[in-house]
Every structure is written in C-alpha cells, then in structure tokens.
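# Okay, predicted coordinates and the sequence, questions at the end:
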Amino acid sequence: MQLLLIRESESRIISRLFVFEFFQGAAIALYFLAAITIFVDHLPPSDLPKVFILSAFLLWLFGFIYNKLEHRLLTKQLIYFVLIFNGACILLFRTFIHLETETWFLYLFLASFNILYLLNNLEFWGLVAILFDVRQGKRLFAIVSAWDGPARVMGYILSILLGATIGTENLLWISAFFMLFSILLFMPLAKSDELKDIAPKDHHHYATQSLQHLQAAVTANKLIRNAAFVSFFSFCFYLVTNYVLYGYVKKQFHSDIALGRFFAVFLIVSRTLALIIKPLFVNRLLDNLGIRKSLLVAPIVLLILSAIAIFFSEKLIVPLHLFLVMAIVVDILRSAIQSPVLLTTLQPLPVHQRLKGHTIIKGLMDPFAFLSVGVLLIAIPSADNEVNLTLLSIILLAITVFWIFFALSVDSNYIQTLSAAIRRRLLDERDISVTDNDSLNFLFKKIESGTEDEALTIIQLLSAQTISHEKCYLAGLRHPSVRVKQLTIGYIRSQHYTALLPELKKMLQAPDVQVYLPQLLRSITALDHTEDISSYLTHENHEVSNAVAMGFLTYDHHAQKGKAYNHIQNLFASSEHRHLMSGLEIVGELKIHEFSDDVANLIAHENEKIKANAFLVAGKLGNANMLDKLLNEYGLSNKDKSILKALEIAGEKAVEPIRHFIQTRNPGKTKRYQLYILLGKIGGDAAAGLLQQCLQQFPADEYNVLSILYQPQFVAPANGYEYTLLLKKNMENASKHLLALDTLKQYNHTYQLLIRALELELMNIRDKCLFIFSFLYDREKIRKSKIGFELNTKESNANAFELIDMVVPKEFSVPFMLIFEQGDPSYKSMQVNKFFKTAPVTASSLINDILKDENYQYNEWTKACCLYGLKSQGDRLDITLVEPYSKSDNPILKETAIAVLEDIETSNT
Amino acid sequence: MNTHETKTSGLMLIERVLLLKSLSVFSDTPETILAEIVHLMVVMNVSSGTNIVKEGEVGNCMYIIFDGRVSIHKQKKVLVELREKDFFGELALLDVETRSATATASTDCILFRIDQEPFYDMMESRPEVVRGVIKILCRRIREANMKLLEKES
C-alpha cells in the first residue's frame, strides 16, 4: 500500500472500493459480451447504426435523469438506486430473453449496455469524488481507476470458461449476481462518515456537469474544444471499425458460443495490450516524442491502415482483416495512449476547467459520435446487405484527416495555454508534469526570451520536474534579469549542478556581477572546494566577504578555514552592528559552536535587534550552555517571543532545560502555558513526557496540558490507567457542577453570572473528557465528535454524541451523555447521582467551595464571577476568603477582590 | 484628532469582559478567553465632532462604543449612526485595511480601542479569539457572493 502512496487510514476504504469496482466491472463486461453476441447472432450488421442512434438518445436521456436525481437523493440513495437499476435491468433482459427474435428487443438490449456503463461510471466516480478530497484525488484516482481493466478481463475470461457450458444468455445471471452482490459490498462504504451526511443540498459540487455547463466550457476554451473533437473523431473511427468487424465476425462464426468466444478473446487481447502499453510506454512516448507526436501516433497509424484498405479494396478479404486489425489498434491506442496524453495537455488549465475537460474526454462526446456514425452508416448505400468497404475505408481516411487536424490544434493550444498559465502564474509544480522535449524546448526558449516573471515561474516549475535541468539553468543564467540569475544560482547550488561551474566562474567577469556576487560566490565555493577566492574576503561589501567565509568553512583545506575563522572573529570584535549581525548570520547558518561565547555575549547586547538575533542563533546552536542562557533571559525582557522561537528551533534538545526551568524557577501559569505551547511545537516523546509530568504536578494546568497532548503530532499516551482515573475525577466534578447549577437555578437572577461561569466550567470538563477519550479510544472518531461539538448545531451535537456512544465504553459514555446532553439540570443531576454520589449543595456552600479552592481548582474567571456576584449583592462573607485574591496575579480576580473588600469595609463603617 | 487615552470609563475589567461578550464579533468566544483580551482594550474619550477614523486612511485597530454615538459617513452622506455596544473597524484586527468611510463622534464618546499587533500576539496562544472575526468575515463573503449571484441572474 505504501508503494502505491496509499496511507494507512485510506487502505481500508481503497480495498473496499477495489472489490466494489471489481464486481461491477466484471458484471458490465459479462453483460456486454452476452448482448453483443446475441445481437450479432440474430441481426445483420446493417441494424447496428440504428442501435448507435438509439444509444445516443438513451445516453442523453439517462445522463439528464441522473443529473436530476443527483440533486434530489442522498448520495448513498443514488448509488443504491443505480446498483438496483442496473441489476434489475440485467435481470429484466434475462427474463425476457425469449424475445430475442424481436428486433426492437435486441436494439434495446445492446443499447442498454451503454446506459449501464454510463450509470456505473457516474455512480462510481461520484462516490470516489466524495470519499476523497482534491489532494487525495491526485494520489488515488489513478490507482482506483486501474482496477477497472483487470475486472473486465476477468469478466471476459469467465465468459470463455462458462459460456459454452451454461449458454451465452445465462451469463446474464452471473452478471446480475455480480451487480447485485456489489450492493452488499457498498453497504460498509455507505456507512462511512464521508458519505453518511451528504445530503442533496450539500453535494451539488460533486454533481455531474450539466450539458449546458460543459457546452460553455467547450465554447469558452479552445484547448478543451479541440480535445473534445479529437475524442469525438477517435470514437467515430472506433464505431465504424466495430461496425465492419461485427459483419466480418458474423460471416466467420455461426453459433452464439463461437461468437461469444471470439468477442471474449478479442476483448481480452485488446484490454490486456492496453493494460501493458499504458504504464510501460505512455510516459516514455511523451518524453521522447512530445505531446504533438504522441497525439499523432494513433491517427497516423490508422491513416496508413485506412489508405492500405482503400488500396486493397478490390480484394475483399485483405481489407476485412485490416479492419479487424484497425478495430484492435484503435481500441488500444485510444485507451492506452490518446486519453492519458489528452489528460496531460489539460494540466496547465485552472482546476475547474481541467475537471470539465476530463469529463469531456472521458465520454461526453460519445453520444454525438454514436449519432453521427449511426446516421452516416444508414445514409451509405449498401447492396444486398453487403458493407461497402471501399466507401467505409474512404470515410475512415477522412475521419483520420480531421482527427490529425484537431490533434495538431490541441498541440498548439497546449503551448498557448501553457504560455498563458506562465504569464498569469497559475502553474503549480505539484499539478503539472512537463517532460516531453517539445514542451521543454519551448519553455527553455521562453526562459531566455520571456519577461522576468515568466522566467522565474518556468524555472521554479522545471526545477521540481525529474528532468535534466542543465539547459533550463543555463537559460536562467543568461536571462538579463538579476532576480532570475539569483534564483538560478540558488538552484544550481542546492541541486549541486557541478556541470555549470565553468559558467558560474565565467559570470565573475560579468558587468552586473556586483548585484549577485554574494550568491555567486556561495554557489562556486559550494560546488568547488578548491577554488581560492580569498581576495573577496576583504571585499567592501560585507555580504560578499561573508559569503566567501561561509564557503571557506565548508572546505577541507586548513588555510582557507583559518581565513574564514579570522574573518568571523573580526566581525564579532567589531563594534559596528552590521558586522555583529553578519557574524551571527554566519554562525547561525553553519552552526559553528566555537563562537558560542560570542553569541552568549550578544544575548546581553543593548541593541534589541542584535539581541533578538543572538537568541535565534543560540537556538540554532542548541547546546546546553546556549539553552541555559536563553531560559535565564526568559521573562526578564520583552523578548520572550524571540526566546520561545529560539527554543523551538533548538527542538528536542530544549526539552530537558525546559524541564529544569519549570521545576526550579517556579514560573507562573501564563509562562507555563507558553512553555506547554512550545513543547507542543517541538513534539516528540520527550516533550510528551514532560507534558505528562506537568499534568501530575500542576492540576490547575490540566486543561492546557491535555489540549496540547491532544494535538496530532503526539501519539496517544500509554499510561491508560492514570487517564482513566483522571477521567473519573473529571466526571465526578462535572456531576458536582451539575448539582450546583441545579441549586443556583432557583436564584437565577442573583447568580446569573456565576451560572454562566459554571456552565463554562462544565464545557471545560467536557473538552477534557474528549481529550482523554482520544488518548484511550478511537482518536479519529473522538476528533470528529469534538468538531461536532464545536459546530454546536442540533444535528452536529447529536452526531457527536452518537460517535461517543459507539467508541467509548458504557461506563463512561453513559454518564458523559447524561451530563452534557441538553436537558433539565434537575433530572440530569438525579440521573448522574446514580453514578457519582454527590452531597447536597447550597448557594453559600458552593461559594465557599469556589473561593476555598480545595476540592476542585475553579477557573479564575469563575472565582471572579463569584466575587462580583457578592459585590453587587453586598452580602456578608468571610473576609479571609476574599483577601488572598486581592494579591492575585490575575488582574480581573485581583480587581474584583479589591472591590469586594472595599464594599465590605464601606458596609462595616 | 481630539481624543485622549484615559482610565476613566468606570468599568471594571470583569464588566469589560461582559461588554465584549455582548458584541456579535465576540459572542461565540468564551468569557475565559475574553478575559485575556480585556487588557488590550485602550479607553478613549472622544469629544463630539472629532473624526475617529478618516476615509482612505490606513487602519490597524477596531473600536467599540461604550458611551455616545458615532456617525459613519462618506463625505456628507451618512451611512449609519452607531450607538453603545456597536463597533467598527473589526477587520483591521486581521489585516491592515484602508478605511472605507469616515467615523465621526456625534456626541462626546467613550470608546474602547483594540490594536492589531497585541491582538496578533494574543492569537498565537489563543486562536479562539479570532473565531468571531473570521465568522463575520465569512458572513460578509457569503453576502457578497449572494449579491453577485443575484446581480448575475
């Protein structure tokens, strides 16, 4: 699975899709074989054009119906509908197969294959589009689609194995069984979360494109239009050759078994060849021939075969065999070469247009081709039901001429679209693969002659492609823009292109070299460790001398290294700020620990900018001494942000010093929270270990620590027992809050603020329970339920509780739901009391409990609300409970406590 | 601008939290989080007739009216008259923006100002604070889309 870029979380759903697609593919293959065999066995090929015309209208009709249903049914209902419809259709034709002597029945029978195929495609790809997002689609669509071919081949093999024994028409039973069996296979997919909630109003963006929208796309974009024509003419060619092929086959084979066997072998050969050719040759063909020539392969081969057919038209048997060859060749070349190449040409289009283009290439033009070929074949005069091969060969020749014309147009449109995409900077190197020579040469020329922005876009695009970059970078170095040169020089260094070293050295003499000299020298010294450019060490531009020093530090040669060290020492010895900054830059980038003392000195520098940079470099060096220095400074200046950033850069090395800091310096709650966030950013086992230690040590930080441990970079902590205890403790506390809320409800007006604060405490506990659930049980499902609670709609809350009910053992899920589901507090607290025995609460005992902070550490906001409530009432209360808060670190609590004390004093006097 | 920063709004910090909570932009933010924003609120006493923000000027703060009335206008055309518990310039908390209209104190006002930079710092540790502003932003985008669709149809 990893080889196929399938992630662990996706493997289950992909396997299910494979099996689902396999059975449907095999069912359709068997259905087609039975339909075509019975049709050819009973009717002459001259009836085929009428089936083509009927197919065209049925395809439009069912496409329209599907589009309407898509907006009315839930996605899973729609898929069930299609599967049942397809299964019922197959069963219906099998049940009424005794009507096979009726022409209308046979027309409908064969044409219905196209409907089943269309519905299967729409339903399956609609499902795939919902299950995977756009980014997954890029990785997975090709893998999922690859299973269709083998499924069909399997269907054809089955028909050979069973056709003779059970009879062609009875293949339909197997086909129906496969189709209906796929309903069972769909059931687990239908239960998947992605599909569960997709309602008609939600999935309009997954809907098939309506004909009008596609028409708009075709008319608006030349590339899509011409690609559609290529698709159209190639399908026309396919239909005409098949028309002749069926006639030929009818003459050669006289029983339905023999016919069926021929069709099966024919299809197995063409499908297998297509399956082999596609992965083996398409990319190579594209790389070697380019898009233009690759697109021309199919029509030119078929043009030659058509011409030969015309030449031999007098000798009946030769063109017939040629038609057989053409039928196989066109089938293989269309699916194995033309479709993938056409899809490649659409890459430079914006995403929405590209998707429309894909739909067009993958079959929108088929009904038009059915109709056109049907009408054309009916219009051709035939004598005694004999096909006029000469005329058909000429028609095929004409079709290939149009085909070639539009293939050439596609190529020029592709280049224009690519140019436009470059101009508008729409290209993303992850979306496009340019490896064919024609396109590459076009792009190389564009780098040389294009504007600065165009050249920058192309170089960025090509640097990510798996091609030889030499020509690209050479063109970049020759571009007049300095920015282009700088970018190219950077790529040459990072990709270690030593072949371009002579070109780089030549540039040292260029008239504009001063502008990009630092980058140039960095690249030259990175590529050639023998180049002595010491003279630049004393260059007036400090960026140049720094670049040389940085380069020399990577050399093995001691003399050069020594010069670089001297240079850095001089920088640190200087009083000029720019020199100090340069020294820090070099030491930070190359992590030179020998200069740690200099960096440590600069941590105490009076200039804020130098100080902040020294922090960052200390983080980059990350040694114990530097980290101690950083933590010593933490909280003493207004540079905490830079210190935290530096500790983040130091990564796991910072965890132990942070542990030591927390244990020995006793930082306040706010500082601790900042450090927890930092540990979250650092991640890893050591950070998780320290967070868990803090969880035990600072109960007041429970929420903050758990919320950090909940972040995806941490794996679920292993100490399940401790978390279970924590969970019980939190639920017990929640039940107390519930009881308190029930008590305060009687004094709703008086304690309004406190009631709201207690509700927040409850929400806080709910979140803590969710964090712990995610450590103990199915993490992904708990995440989804948390999102549901955050959305806070009636439906999302209900779904969230459902998920909890599914995943969490009853011991915890039942009280969780009792406490947190909407409902009357009296009833809820009565029910919860069955799980957690709670002593009765009065308003004054609750106030004492909150302010004493003994049994449960209430949020400071809750305490402030409690005090504020007392202030506005002027209640008498124990002054010793309030006094400590007048010295609180929390400004709100402190201010409120002082106000209450003043009130008490006033009322006493 | 005839304004001065003062500490005489008479509101306790806890009351400022409740004031923030009553604004639509922060109505979904828990009070525990708002409690951390209150110290970013700067009190401003503004005399009647003073321009608080001027059209075209770059803005980087939002204002909450605690007392008084503020007129939002483009030159002489009054777009809206804001009162107690109304606010303006909230998008400037997320992005520096050019003010689209002028805000003038119609009466003597007490305003609270929240500046962008400390708000940004707060967002780093408490992303919840920005949720309300994002919601408003999304609602405006949806409304603009609807208007566009209506116009197209």
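Structure received.
# wait, is residue B:104 part of a strand?
Yes: the assignment for residue B:104 (DSSP: H, G, I helix; E, B strand; the rest coil) places it in a strand.
# Find me the pLDDT at it, would you?
pLDDT, residue B:104: 94.
# Check which helices and strands the helix or strand encompassing residue A:394 sits against.
In this assignment (DSSP states H and E), residue A:394 forms part of helix A:389-423. Where contact means 3 or more C-beta pairs under 8 Å, 6 or more residues apart in numbering or on different chains; DSSP states H and E, helix A:389-423 is packed against helix A:222-252, helix A:256-311, helix A:317-333, helix A:339-345, helix A:437-449, helix A:452-463. Quick note: C-beta positions are derived from backbone N, CA and C, even for glycine.
# List the buried residues of it.
Buried residues in helix A:389-423, defined by neighbour count with 16 or more other C-beta atoms under 10 Å in any protein chain shown: A:389, A:392-397, A:399-400, A:402-404, A:406-411, A:413-415, A:417-419, A:421-422.
# before we move on, what about stretch A:773-781?
Neighbour count says stretch A:773-781 has A:773, A:774, A:775, A:776, A:777, A:779, A:781 buried, by 16+ other C-beta under 10 Å.
# Span of that stretch from start to end?
For stretch A:773-781, the first-to-last residue distance is 10 Å (C-alpha to C-alpha, to the nearest Å).
# what comes into contact with that stretch?
A:9, A:709-710, A:716-717, A:720, A:723-724, A:727, A:782-783, A:786, A:803-804, A:806-809, A:812 (C-beta atoms under 8 Å, 6 or more residues apart in numbering or on different chains).
# Kindly recompute the last result at 7 Å.
In this structure, residues lying in contact with stretch A:773-781 by C-beta atoms under 7 Å, 6 or more residues apart in numbering or on different chains are A:710, A:716, A:717, A:720, A:723, A:724, A:782, A:783, A:803, A:806, A:807, A:808.
# now, among the residues you listed, which is nearest to residue B:41?
Using C-beta to C-beta, residue A:710 is the member of these that lies nearest residue B:41, at 30.7 Å.
# The closest one - nearest residue in space that isn't next to it in sequence?
residue A:771 (4.4 Å; C-beta to C-beta, 6 or more residues apart in numbering or on different chains).
# Turn the buried residues of stretch A:773-781 into TSV, including distance to residue A:652, secondary structure and pLDDT.
Shown next, in TSV, are the buried residues of stretch A:773-781 (distance: C-beta to C-beta, whole Å; DSSP: H, G, I helix; E, B strand; the rest coil; pLDDT from 0 to 100):
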residue	distance to residue A:652	secondary structure	pLDDT
A:773	28	helix	93
A:774	23	helix	92
A:775	21	helix	89
A:776	26	helix	90
A:777	28	coil	89
A:779	23	helix	87
A:781	30	helix	87
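# tell me the two of these that are most distant?
Pairwise distances among the buried residues of stretch A:773-781 were taken by C-beta to C-beta; the largest, 13.1 Å, belongs to A:775 and A:781.
# Share the number of residues neighbouring residue A:835, please.
Residue A:835: 17 surrounding residues under other C-beta atoms under 10 Å in any protein chain shown.
# Also the one 4 residues further on?
Other residues near residue A:839 come to 7 when the count uses other C-beta under 10 Å.
# try residue A:280
Neighbouring residues of residue A:280 were enumerated by other C-beta under 10 Å; the total is 11.
# and what of residue A:26?
The number of residues near residue A:26, taken as other C-beta under 10 Å, comes to 26.
# go on, the one 10 residues further on?
Residue A:36 has 22 neighbouring residues, counting by other C-beta under 10 Å.
# and what of residue A:466?
As a burial measure, residue A:466 scores 7 neighbours (other C-beta under 10 Å).
# so it sits in a strand?
No: using three-state DSSP, the assignment for residue A:466 is coil, not a strand.
# Phi, psi for it please.
Dihedral pair for residue A:466: phi -90, psi 70, per degrees, to the nearest 10.
# Confirm that residue A:496 sits in a helix.
No: if the criterion is three-state DSSP, then residue A:496 is coil and not within a helix.
# Phi and psi next, for it.
The phi/psi pair for residue A:496 (degrees, to the nearest 10) reads phi 50, psi 60.
# got the contact list for it?
Neighbouring residues of residue A:496 by C-beta under 7 Å, 6+ apart: residue A:527.
# One more pass at 10 Å, please.
A:523, A:526, A:527 (C-beta atoms under 10 Å, 6 or more residues apart in numbering or on different chains).
# Save those residues as TSV, and put in distance to chain B, neighbour count and pLDDT too.
What follows is the contacts of residue A:496, written out as TSV (distance: C-beta to the nearest C-beta, whole Å; neighbours: other C-beta atoms under 10 Å in any protein chain shown; pLDDT from 0 to 100):
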residue	distance to chain B	neighbour count	pLDDT
A:523	36	26	90
A:526	36	17	85
A:527	40	19	87
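# For chain B, what lies in contact range of chain A?
Residues of chain B lying close to chain A (C-beta under 10 Å from any C-beta of the partner chain) are B:12-18, B:21, B:28, B:30-36, B:38-39, B:121, B:124-126, B:131.
# try 7 Å
Selection of chain B residues close to chain A by C-beta under 7 Å from any C-beta of the partner chain yields B:12, B:13, B:14, B:30, B:31, B:32, B:35, B:39, B:125.
# Residue numbers of the stretch 1-150 of chain A in contact with chain B?
Residues of the stretch 1-150 of chain A lying near chain B by C-beta under 7 Å from any C-beta: none.
# Pick out the residue in the stretch 1-150 of chain A sitting closest to chain B.
residue A:71 (17.3 Å; C-beta to the nearest C-beta).
# Near that residue, how many other residues are there?
12.
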